[in-house]
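J.: Give me the fold of what follows.
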Amino acid sequence: MSKLMDKIFADAKALNKHIVLPEGEEQRVIDAAKIIAKKGIARLTLIGNPEKIGKIDGVNIVNPETSPKLKEYANTLYELRKDKGLSEEDALKFAKNPLFYGCLMIKNKDADGMVAGSINSTGDVLRPALQIIKTKKGIKTVSGCFIMEFPKGNPYEGVMIFADCAVIPDPTAEQLADIAEASAENAVNIAGIKEPKVALLSFSTMGSAKHPLVDKVKDALAILKAKNLPYDIDGELQADAAIVPSVGKLKAPNSKVAGLANVLVFPDLQSGNIAYKLVQRMAGAEAIGPFCQGLASPINDLSRGCSVEDIVSVVAVTALQK
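T.: Alright, predicted model coming up:
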């Protein structure tokens, strides 16, 4: 286990957040819940049939069908979605769905976050999240970030944030700005980066090339500058200008980010996804994630091929997100 994950587990334990696992009848989730409860990483609620799940010391189990909170949650959903044509009858039906029930727990402040996806698609996990939890104030975009932890002896030893490598194929300037803002927050809250230095990446550095793709990155920077965010951000920067001090000084001598970037925002999903996999395989970096960002409360999507250890780790990270 990496040093970063050791710290994440310790920090999560100290926070004692309440995380809901809506796929409570899945064996990997049950096994992960036992580990999480034993280590005290988070307080847990598993959603499902108690008879199928069995008793787990220190873990709450809820069956939406028989829950005394069901009508209250259904009414919450109805009030949120009635303007979209949702009926009270359908609200009750949806509230019985574990993924919706988990989000309604969070909306009603009965839980702090949710982890799902071991047996459900990303779309199924995020749909109720977008309808019920919605995005953070000032952010309209849900994206995904990876924490890249570089091994000892690597010139970039330590951690970086890579985004978006998982969700939005071709982000607009507004979406790039949202991705950058959310990534900087996760750099602080999860990765322990005290001073995020955010680079908006491109194939151009400070006007060295002219193209609509470069203009999009420049527009994203303008949006972020107008927000007066409490960290350094700059662009457009080529990858070497962002992370190599000598190149940064040469290509962008007046930048507070060039050559020092620890949060890399890629211009599209293709470049982000390719980059994290190359760095993972060729530089031996550990790719931790992806984690969803931009939602008003933390909800993370697992791979359906996830291991028990993956679930434990994602729960710990979810506990640290704000």
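J.: now residue 161: how far from residue 100?
T.: According to CB to CB, to the nearest Å, residue 161 stands 30 Å off from residue 100. The way it works is simple: take the backbone N, C-alpha and C, and place the C-beta from them, glycine included.
J.: wait, what's in contact with the spatially closest residue to residue 136 that is not a sequence neighbour?
T.: Excluding its sequence neighbours, the residue lying closest to residue 136 (CB to CB, 6 or more residues apart in numbering) is residue 296, at 5.1 Å. Applying CB atoms under 8 Å, 6 or more residues apart in numbering to residue 296 gives the contacts 133, 134, 135, 136, 137.
J.: run the last query once more with 6 Å
T.: For residue 296, the contact set (CB atoms under 6 Å, 6 or more residues apart in numbering) comprises 133, 134, 136.
J.: where along the stretch 101-250 of the chain do the helices fall?
T.: Counting by DSSP state H, counting those that start in this stretch, one finds helices in the stretch 101-250 of the chain at the ranges 122-128, 173-189, 212-227, 239-243, 245-251.
J.: Make a markdown table from those helices and add distance to residue 276 to it.
T.: Shown next, in a markdown table, are these (distance: least, CB to CB, whole Å):
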| stretch | distance to residue 276 |
| --- | --- |
| helix 122-128 | 17 |
| helix 173-189 | 13 |
| helix 212-227 | 19 |
| helix 239-243 | 12 |
| helix 245-251 | 21 |
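J.: between those helices, which gets nearest to residue 2?
T.: Nearest to residue 2 among the helices of the stretch 101-250 of the chain is helix 173-189 (16.3 Å), distances taken as CB to CB.
J.: follow-up on the earlier one: more neighbours, residue 161 and residue 100?
T.: residue 161 (30 against 23; other CB atoms under 10 Å).
J.: Tell me how far the more buried one lies from residue 197.
T.: Distance from residue 161 to residue 197, by CB to CB: 10 Å.
J.: Among the helices of the stretch 101-250 of the chain, single out whichever gets nearest to residue 157.
T.: helix 239-243 (12.8 Å).
J.: Could you list the buried residues of that closest one?
T.: 239, 241, 242, 243 (16 or more other CB atoms under 10 Å).
J.: contacting residues around that helix?
T.: Contacts of helix 239-243 (CB under 6 Å, 6+ apart): 199, 201, 205, 247, 248, 251, 252, 258, 261.
J.: From the chain's centroid, how far away is that helix?
T.: Chain-centre distance of helix 239-243: 24 Å, with CA atoms, centre = their mean, to the nearest Å.
J.: next one: stretch 278-287
T.: 20 Å.
J.: now the end-to-end length of that stretch.
T.: 11 Å (CA to CA, to the nearest Å).
J.: Turn the contacts of residue 296 into TSV, including neighbour count.
T.: Formatted as TSV, those follow (neighbours: other CB atoms under 10 Å):
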residue	neighbour count
133	22
134	17
136	19
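J.: any chance of the residues you listed in a markdown table, plus distance to residue 28?
T.: Formatted as a markdown table, these follow (distance: CB to CB, whole Å):
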| residue | distance to residue 28 |
| --- | --- |
| 133 | 24 |
| 134 | 29 |
| 136 | 30 |
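J.: measure residue 218 to residue 202 for me?
T.: In terms of CB to CB, residue 218 sits 9 Å off from residue 202.
J.: let me redo that: residue 143
T.: 18 Å.
J.: Equivalent analysis for residue 46, please.
T.: In terms of CB to CB, residue 46 sits 45 Å off from residue 202.
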